[in-house]
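S.K.: Okay, predicted coordinates and the sequence, questions at the end:
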Amino acid sequence: MQTSQTWDIAFSHLDAGYGEHAVLRDISAVLPAGKISVILGESGSGKSTLLKHIMGLSRPMGGQVHIAGQDIFALDATTFRRLRRHMGVLFQDGALLGALDLVENVALPLSEHLSLSPKLLREAALRVLDMVGLEEFADYYPNQLSGGMRKRAGLARAIIAQPRILLCDEPTSGLDPVTAAKMDELLLSMHTQFPEMTIVVVSHDLASFKAVAEHVLVIRDSGLCFVGSPAELLNSADPYLRQFLERRSGDAGVARQRPMNAGVQEALTRWLAS
Amino acid sequence: MPNAEKTETGMRAILAAASRWGLDCLRCVGETTLFMLAGLKRIFSDIRIFRRTIQQLYVIGYKSLFVILLIGIFCGMVLGLQGYYTLVKFGSVGMLGSAVSLSLVRELGPVLTAIMLTGRAGSSMAAEIGVMRISDQIDALEVMDINPLAYLVSPRLLASMISFPLLTGLFDVIGIFGGYLTGVLMLDINEGAYFYRIANSVTMSDLTGGFVKAFVFGLLVTTICCHQGYNTHRRRDSVGPEAVGNATTSAVVISCVLILAADYVLTSFLL
């Protein structure tokens, strides 16, 4: 299956978008194998769109995406499906199937493709649930878990088939700082256990980026504005990158003062006093 | 611009809009048909589909049983009552068994069962698949190399093709019993005459026709409901949870209209 030695992900002049609307233009970069690459950018900048192109869920408007040296959109369906078996994906909210409990959810990639006994499937699922600290919740349904637990379960499902590429869409968004830090530690421990795995994290969480990143891409105005190491990014003098890293808005930063309509104000005051 | 020219421009605009609408409808019909064929093709692709079909038989069939029986008995009772007061004018109350059974077996059984199942099971199919679509669950299936059609649609299609005719049969039986309750027990029609007329008037072709209709309605309802849910993210009128609500509404409305339209077409072929 694999034609090159490593599971690098490379974009070559990639244009991506929805319908006629281009979200990303002329993206060329490499996400190196065996490293944690973080794709940073503002909300709506096209980070998740880029991830969808790596997964093959969206077709590019132009350019190519190469995985392990192969242009994934030039592959026939069967070869592409074989290639995608080597990917594990953690979606934003875990994307666990509501009708299945955690063991069934996590074991799904195996139960659908391998003829294993229920006992072996459960064992395999419990092993990865243990890795993410959720073994005792094995028989719970997704709606009985917190957001952080759902993400961890999603991570367990993503790694159960021992993927070469792990894609994580906003793994820490919506989590409290402690849970977000645990998620980062989990990604780092995955990296230690599977050093050859290419891990791609899409995020706008700066704390998370500082904790896990080994390689960084920053997206701005539909294009790449930075590719390099975290240290290079942190030392960059680029005004936009400084603004992004220092969490400054770039506007005046003050809410505009515009008086409320007198009628609305009066009605509101009456209602609040009632 | 002279009046004649204005009228011509207006006519052209109307014609263009009507053509666009027509093309949109054709595209939608083609897309839905391909969706159904893709779902049907995958029924026999994998043994695991049969396990999921059993789950769907429970959801679509067993869980709808009570409401179907309830509607069936009241429908039969009303038919008995209406039939009696119409036939009594002509001195033909003995024909009540024929009136009730033929109405149920040929028309009301398949149509009302399908409409009830659309509300009870079809709406939940559209909503469930719609929620799966907007919460990335369908994308997750694809990434795990699990065909979403084989996982979500094929078991539902197979379960509907089995449960719609079975529930229609039960609706017919309980409806005939409802007619018996009003006709024989309340209005004092001869019990023997009631059942003799049923046995005499309902032919094998009536039964087959009713089951053929139920089978087609099952296929139609499931295809439309699954298709609406599956394409929730492509709706132009709304996004997110609102799109799921709108997809569910569209699924129920389109299914109900198509049940009646298909009933007319099938009846004209079966008679």
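M.R.: Looks like it arrived, so ask away. Numbers count the residues shown, from 1 in each chain, chains lettered A, B, ... in the order given.
S.K.: just the helices in the stretch 101-250 of chain B please.
M.R.: B:109-117, B:123-134, B:137-143, B:148, B:154-180, B:191-201, B:204-230, B:240-270 (DSSP state H, counting those that start in this stretch).
S.K.: what about the strands in chain A?
M.R.: A:9-18, A:21-31, A:36-41, A:62-67, A:70-71, A:87-90, A:165-169, A:198-203, A:215-220, A:223-228 (DSSP state E).
S.K.: Kindly point out the strands partnered with the longest one and how each is oriented relative to it.
M.R.: Same thing as strand A:21-31. In the sheet, strand A:21-31 lines up against strand A:9-18 (antiparallel) (DSSP bridges).
S.K.: Pull the residues that contact the partner strand.
M.R.: Taking contacts as CB atoms under 8 Å, 6 or more residues apart in numbering or on different chains, the residues outside strand A:9-18 that touch it are A:22-31, A:46, A:49-50, A:53-54, A:58, A:60-67, A:165, A:198, A:200. Yep, even glycine has a C-beta here, placed from its N, CA and C like the rest.
S.K.: Which among the residues you listed count as buried?
M.R.: A:22-25, A:27, A:29, A:31, A:46, A:49-50, A:53-54, A:58, A:60-61, A:63-67, A:165, A:198, A:200 (16 or more other CB atoms under 10 Å in any protein chain shown).
S.K.: roughly how far out does stretch B:213-231 sit from the chain middle?
M.R.: Centre-to-centre, stretch B:213-231 and its host chain are 7 Å apart (CA atoms, centre = their mean, to the nearest Å).
S.K.: now stretch A:152-169
M.R.: Using CA atoms, centre = their mean, the offset of stretch A:152-169 from its chain centre is 11 Å.
S.K.: okay, and for the chain, where does confidence drop off?
M.R.: Let's take chain A. Per-residue confidence for chain A (pLDDT under 70) gives these ranges: A:1-5, A:248-256.
S.K.: that answer is for a different chain, and I need it for chain B
M.R.: In chain B (pLDDT under 70), the answer is B:1.
S.K.: Spell out which residues of it are next to chain A.
M.R.: For chain B, the residues in contact with chain A (CB under 8 Å from any CB of the partner chain) are B:48, B:131-132, B:135-137, B:139-140, B:142-146, B:151.
S.K.: again, only this time at 7 Å
M.R.: Remark: the part of chain B in contact with chain A comprises B:Arg48, B:Ser135, B:Asp136, B:Gln137, B:Asp139, B:Ala140, B:Glu142, B:Val143, B:Met144, B:Asp145, B:Ile146, using CB under 7 Å from any CB of the partner chain.
S.K.: Buried only: go through those for me.
M.R.: B:Ser135, B:Asp136, B:Gln137, B:Asp139, B:Ala140, B:Glu142, B:Val143, B:Met144, B:Asp145, B:Ile146.
S.K.: now for those, which pair is the farthest apart?
M.R.: Farthest apart among these by CB to CB are B:Ser135 and B:Asp145. That separation is 19.6 Å.
S.K.: List the buried residues for the lengthiest helix in chain A?
M.R.: Counting residues, the longest helix in chain A under DSSP state H turns out to be helix A:177-193. Within helix A:177-193, the residues that qualify as buried are A:Thr179, A:Ala180, A:Lys182, A:Met183, A:Asp184, A:Leu186, A:Leu187, A:Met190, A:His191, counting by 16+ other CB under 10 Å.
S.K.: check contacts around the second one.
M.R.: Applying CB atoms under 7 Å, 6 or more residues apart in numbering or on different chains to A:Ala180 gives the contacts A:Thr172, A:Asp205, A:Ser208.
S.K.: Of those residues, which is the nearest to chain B?
M.R.: Among those, A:Thr172 lies closest to chain B (CB to the nearest CB), at 16.9 Å.
S.K.: coming back round to it: buried deepest among the helices of the stretch 101-250 of chain B, which one?
M.R.: Greatest average neighbour count among the helices of the stretch 101-250 of chain B goes to helix B:109-117 (a mean of 26), per mean count of other CB atoms under 10 Å in any protein chain shown.
S.K.: quick one: it to helix B:154-180, angle?
M.R.: 120 degrees (axes from the mean of the first three to the mean of the last three CA atoms, to 10 degrees).
S.K.: Return stretch B:58-74 as CSV; C-alpha atoms alone will do.
M.R.: Extracted in CSV, the C-alpha atoms of stretch B:58-74 (Å, rounded to 0.1, in the frame of the first residue of the first chain):
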residue,chain,number,x,y,z
TYR,B,58,-38.0,-3.7,16.5
VAL,B,59,-38.0,0.1,16.0
ILE,B,60,-40.2,0.3,12.9
GLY,B,61,-42.3,-2.8,13.4
TYR,B,62,-42.7,-3.7,17.0
LYS,B,63,-42.7,-0.2,18.4
SER,B,64,-45.4,0.8,16.0
LEU,B,65,-47.6,-2.2,16.7
PHE,B,66,-49.8,-0.6,19.4
VAL,B,67,-50.6,2.5,17.5
ILE,B,68,-51.4,0.6,14.3
LEU,B,69,-53.7,-1.7,16.2
LEU,B,70,-55.4,1.2,17.9
ILE,B,71,-56.0,3.1,14.6
GLY,B,72,-57.0,-0.2,12.9
ILE,B,73,-59.8,-1.0,15.4
PHE,B,74,-61.2,2.5,15.4
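S.K.: Contacts for it, please.
M.R.: B:112-113, B:116-117, B:120-121, B:159-160, B:163, B:166-167, B:170-171, B:174-175, B:177-178.
S.K.: Just the buried positions in that stretch, please.
M.R.: B:Val59, B:Ile60, B:Gly61, B:Ser64, B:Ile68, B:Leu69, B:Ile71, B:Gly72, B:Ile73.
S.K.: From the contact counts, what lies against the lengthiest helix in chain B?
M.R.: Looking across chain B with DSSP H, the single longest helix is helix B:3-41. In this structure, helix B:3-41 makes packing contacts with helix B:154-180, helix B:204-230, judged by 3 or more CB pairs under 7 Å, 6 or more residues apart in numbering or on different chains; DSSP states H and E.
S.K.: quick one: that helix to chain centroid distance?
M.R.: 25 Å.
S.K.: what packs against the helix or strand following it?
M.R.: Counting by DSSP states H and E, the element after helix B:3-41 in chain order, helix or strand, is helix B:48-56. Judged by 3+ CB pairs under 7 Å, 6+ apart, helix B:48-56 is in contact with helix B:154-180.
S.K.: Can you give the distance of the helix it packs on from its chain's centre?
M.R.: The answer for helix B:154-180 is 11 Å, by CA atoms, centre = their mean.
S.K.: and residue 106, what is it in contact with?
M.R.: In the absence of a named chain, chain A is used. Counted by CB under 7 Å, 6+ apart, A:Val106 has contacts A:Ala125, A:Val128, A:Leu129, A:Ala153, A:Ala156, A:Arg157, A:Ile160.
S.K.: that answer is for a different chain, and I need it for chain B
M.R.: Shown in contact with B:Arg106 (CB under 7 Å, 6+ apart): B:Asp206, B:Gly209, B:Gly210.
S.K.: would TSV of the strands of chain A with distance to B:Gln55 be doable?
M.R.: Shown next, in TSV, are those (distance: least, CB to CB, whole Å):
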stretch	distance to B:Gln55
strand A:9-18	35
strand A:21-31	39
strand A:36-41	39
strand A:62-67	35
strand A:70-71	38
strand A:87-90	25
strand A:165-169	29
strand A:198-203	34
strand A:215-220	43
strand A:223-228	46
